[in-house]
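Q: Sharing a model that was predicted from the sequence below.
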Amino acid sequence: MNLLAKFLKVLNSEASPWQIAIAITLGMVIGLTPLLRLHNIIILFVVLFLRINLASFLASIVFFSGIAWLFDPLMASVGENVLTASSWQDSWTTLFNSSLGQLSQFNHTLTMGGFLVSLLLAPIVLILSRFIVLQYRQRIMTWVNKLKIMQAFKASKLYQLYLNIGG
């Protein structure tokens, strides 16, 4: 609940829609691939270094991890097709004989498939999430703020608690 409250606070804040969209997209990459992988550690360092919104990032990881659970067989199939393509065998052999290739664990079908699917979806998720944030702020947030129940909620102590949540 705390993560959801922080995410809603970010949506209602003055944070840039691009900043939120980038956080969602990077969270998608981590969510669609197995967690303990080299590329996920690199993404985590990028998120922390660039101060990308953590609430959006973490909510995105949780959301896309649930989606990944449903589509794991499909992503493993994509990874298997890519890893067994005869035209790429020399490239894969060279990569996996290197230390970096072994650390990347791209020789696992689910890691390769999830990573490729997330790279293909990244531009779509980036643009779509920015669009959704903008639409939320222009339409839904404005409409909700006009409701009498919301005006009563804003006068309550619970709303003050919501405002005090860091995020």
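A: Done, it's in. Residues are numbered from 1 along each chain as shown.
Q: use CA for all of it now, contacts and neighbours both
A: Noted.
Q: which parts of the longest helix along the chain are buried?
A: In terms of residue count, the longest helix belonging to the chain (DSSP state H) is helix 54-83. For helix 54-83, burial by neighbour count (16 or more other Cα atoms under 10 Å) applies to 54-65, 68, 72, 75-80, 82-83.
Q: what about this structure, any weak spots by pLDDT?
A: Across the chain, the ranges flagged by pLDDT under 70 are 1-5, 8, 12, 162-163, 165-167.
Q: For the residue most central in space within it, grab phi and psi.
A: The centroid of the chain falls nearest to Gly27 when counting by Cα atoms, centre = their mean (2.0 Å). Here is the backbone geometry of Gly27 (degrees, to the nearest 10): phi -60, psi -30.
Q: quick one, what contacts it?
A: 56-61, 64 (Cα atoms under 8 Å, 6 or more residues apart in numbering).
Q: which one is Ile30 nearest to, not counting chain neighbours?
A: Asn40 (5.7 Å; Cα to Cα, 6 or more residues apart in numbering).
Q: what helix or strand is the one you found on?
A: In this structure, Asn40 sits in helix 38-50 according to DSSP states H and E.
Q: Give the buried residues for that helix.
A: 38-40, 44, 47.
Q: What about the closest residue to Ser65 other than its chain neighbours, how many residues nearby?
A: Distances taken as Cα to Cα, 6+ apart place Gly31 nearest to Ser65, at 4.3 Å, with adjacent residues excluded. For Gly31, the neighbour count with other Cα atoms under 10 Å is 27.
Q: and Tyr159, what does it touch?
A: Tyr159 touches Phe153, counting by Cα under 8 Å, 6+ apart.
Q: Dihedrals phi and psi, Leu35?
A: According to degrees, to the nearest 10, the main-chain angles of Leu35 amount to phi -60, psi -50.
Q: Tell me, how many residues neighbour it?
A: The tally of other residues near Leu35 (other Cα under 10 Å) stands at 15.
Q: how close does it get to Gln138?
A: 35 Å (Cα to Cα, to the nearest Å).
Q: just Glu14 next, same as before
A: For Glu14, the distance to Gln138 - Cα to Cα - is 13 Å.
Q: cool, Gly66 as well?
A: Distance from Gly66 to Gln138, by Cα to Cα: 29 Å.
Q: ok, back up a step: what separation is there between the residue nearest to Ser65 and Pro17?
A: For Gly31, the distance to Pro17 equals 21 Å [Cα to Cα].
Q: now swap in Gly113 and tell me
A: 29 Å.
Q: the more surrounded of those two?
A: Gly113 (26 against 21).
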